[in-house]
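> I would like to see how this sequence folds:
(one chain, ligands or ions: 1)
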Amino acid sequence: MTPLPTPLLRLDVVSIFPEYLSPLSLSLVGKAITSGLVGLRVHDLRDWTHDRHRTVDDTPYGGGAGMVMKPEPWGEALDDVLGDDTADTTLVVPTPSGVPYTQAVAASLATRKRLVFACGRYEGIDARVMAYYRDRVDTQEISLGDYVLNGGEVAALAIIESVVRLLPGVIGNPESLVEESHSPDLDGLLEYPVFTKPLEWRGLSVPDVLLSGHHAKISAWRREQAERLTSDRQRPTV
Ligand code: SAM
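Sure thing, here's the model as predicted:
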């Protein structure tokens, strides 16, 4: 049997709902894992608890609603998962109070050798966990957007998918990555509208310029459409 290549990127995800990560076996990310381009391990945080109830949460100091994830299971889990060699590793902690996730952050994560995701639940993870690891490993607290999810798993899925598709060999035609919304090649603009066959659909037709075969005119039209869309949606450009 041919041995699998050394993965370009190793992913570890720690969660109390490992099943939540099952979509990673599908589509292009799934293929990247099967081919050995990407290594994935999903861990159950409760494997690092020592009581009968496999407790991972407790009441917050200072009072208030909800429960907070205890530091001990997180510390033991992350020590084991991170191991001693944390060079080229980023610990990603999804949180609504983190740095907003953008294509530029995805591109920078895609240059790392290993990403370890710590998926919080309840009111989040005891803040000492992030304080401790921040001094020991590149740690990035990342927000998927200005809304609150129930847990970090959906954020981890979104981050993993957006990072893995940037790795060489994952997208069949790497040109697809060039003129995409938020990409540097489009100067951060949104992508222009796209069309395929049939030419007429429910009384709507494809813009004539796209049928002209005139590459310069098509490029100019696409640029103008991208600029208009970006301005209409009040999105920033780079
Ligand atoms: N009490 C926290 C707050 O107000 O900032 C929210 C905790 S949230 C209910 C539980 C977990 O979901 C968080 O620890 C984080 O892992 C994840 N999460 C929620 N919203 C998120 C977002 N916008 N981006 C990334 N992760 C998020």
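> give me every residue in this structure lying close to the ligand.
The chain comes close to the ligand at residues 94-97, 119-121, 123-124, 143-145, 147-152, 155, as judged by CB under 6 Å from any ligand atom. (Glycine included, C-beta is placed from N, CA and C.)
> could you check how far Thr196 is from Leu210?
As judged by CB to CB, to the nearest Å, Thr196 and Leu210 stand 10 Å apart.
> so where do the helices sit in the chain?
With DSSP state H as the criterion, the chain has helices at 27-34, 71-82, 103-109, 127-134, 153-164, 215-232.
> follow-up on the earlier one: neighbour-wise, which of Thr196 and Leu210 wins?
For Thr196 and Leu210, the more surrounded residue by other CB atoms under 10 Å is Leu210, and the numbers stand at 16 against 7.
> dihedrals phi and psi, Tyr192?
With angles defined as degrees, to the nearest 10, Tyr192 sits at phi -60, psi 160.
> spit out the contact partners of the closest residue to Leu11 other than its chain neighbours.
Using CB to CB, 6 or more residues apart in numbering and skipping the chain neighbours, the partner closest in space to Leu11 is Leu40 (4.8 Å). Residues in contact with Leu40, defined by CB atoms under 8 Å, 6 or more residues apart in numbering, are 10-13, 24, 33.
> Val68: which of these is nearest?
Nearest to Val68 among these: Val13, at 20.5 Å, using CB to CB.
> tell me the centre residue of the chain?
With distances taken as CA atoms, centre = their mean, the chain has Ile159 as the residue nearest its mean C-alpha position (0.4 Å).
> go ahead and confirm it touches Gly98.
No. Applying CB atoms under 8 Å as the test, Ile159 and Gly98 come out as separate, 10.8 Å apart.
> and for these two, which residues touch both?
In contact with both Ile159 and Gly98: Ile142, using CB under 8 Å, 6+ apart.
> what's the longest strand in the protein?
strand 89-100 (DSSP state E).
> list the buried residues in that one.
For strand 89-100, burial by neighbour count (16 or more other CB atoms under 10 Å) applies to 89-96, 98.
> and the angle for it with helix 71-82?
130 degrees (axes from the mean of the first three to the mean of the last three CA atoms, to 10 degrees).
> what's next to strand 89-100, contact-wise?
With contact meaning CB under 8 Å, 6+ apart, strand 89-100 is reached by 78, 82, 105, 109, 112-120, 124-125, 130, 133, 137-149, 152, 155-156, 159.
> select only the buried ones of the residues you listed in PyMOL?
This is the PyMOL syntax for the buried subset of the contacts of strand 89-100, where burial follows 16+ other CB under 10 Å:
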select buried, resi 78+82+105+109+112+114+115+116+117+118+119+120+124+125+130+133+137+139+140+141+142+143+144+149+152+155+156+159
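> quick one: Ile160 and the ligand, what's the gap?
For Ile160, the distance to the ligand equals 13 Å [CB to the nearest ligand atom, to the nearest Å].
> and the pLDDT at that residue?
The model reports Ile160 with a pLDDT of 98.
> how much space between it and Asp57?
Going from Ile160 to Asp57 by CB to CB gives 25 Å.
> neighbour count for the two, which is higher?
Neighbour tally, Ile160 and Asp57, criterion other CB under 10 Å: the higher count belongs to Ile160, 24 against 17.
> skipping its backbone neighbours, what lies nearest Thr102 in space?
Closest residue in space to Thr102, ignoring its immediate chain neighbours: His182 at 6.9 Å, by CB to CB, 6+ apart.
> please consider this matter closed, and thank you.
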